[in-house]
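J.: I would like the atomic coordinates for the input below:
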Amino acid sequence: MQNMNMNKMMKHVQEMQKQMAKAQEELAHEEVEASAGGGMVTVKVSGDLNIIDIKIDPGAVDPDDVEMLEDMVLAAANEALRAAQELASKKLGGLTGGLNIPGLM
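T.: Here you go, the predicted structure:
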């Protein structure tokens with residue numbers, strides 16, 4: 001009887017692993033975007049947390065204030081990464097039943 005429950009549990013775990021792998025693969029193809037400086041800097045991040053594009057409006061380039069441009073790039077990148085993590089959490093969280101499993105998110 002106990003062996004039957006263990007087999008059932010193992011099948012459930014294997015199915016969950018397949019679903020997680022599929023969801024993670026789908027995340028790699030999803031994108032989120034964030035901007036800073038009123039749209040002067042825009043950063044696009046994939047759902048698997050890779051920065052895939054950075055756009056900088058030429059008007060944001062001021063040789064006398066490079067620090068402001070750096071701050072805008074940093075702010076946009078951090079916001080895009082936060083949005084991508086939120087997307088991953090929503091997509092994968094439903095599969096784990098809310099469990100925080102290290103390495104999965």
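
J.: just checking, what packs against the helix or strand hosting residue 89?
T.: Using DSSP states H and E, residue 89 maps to helix 66-96. On a contact count with 3 or more CB pairs under 8 Å, 6 or more residues apart in numbering; DSSP states H and E, helix 66-96 meets helix 2-28, strand 31-36, strand 41-46, strand 51-56. Just so you know, the C-beta spots here come from the backbone N, C-alpha and C atoms, and that holds for glycine as well.

J.: most tightly packed of the ones you listed?
T.: Highest mean neighbour count of these: strand 41-46, a mean of 22 (counted as mean count of other CB atoms under 10 Å).

J.: counting by contacts, list what it packs against.
T.: Using 3+ CB pairs under 8 Å, 6+ apart: strand 41-46 touches strand 31-36, strand 51-56, helix 66-96.

J.: need the winner for burial among these.
T.: Each of those was scored by mean neighbour count; the highest is strand 31-36, a mean of 18, by mean count of other CB under 10 Å.

J.: need the residue closest to the centroid of the protein.
T.: Compute the mean C-alpha point of the chain, and by CA atoms, centre = their mean the closest residue is residue 84, 2.8 Å away.

J.: what's the pLDDT at that residue?
T.: Looking at residue 84, its pLDDT stands at 92.

J.: right, and it touches residue 32 too?
T.: Yes. Counting by CB atoms under 8 Å, residue 84 does reach residue 32; the two are 5.0 Å apart.
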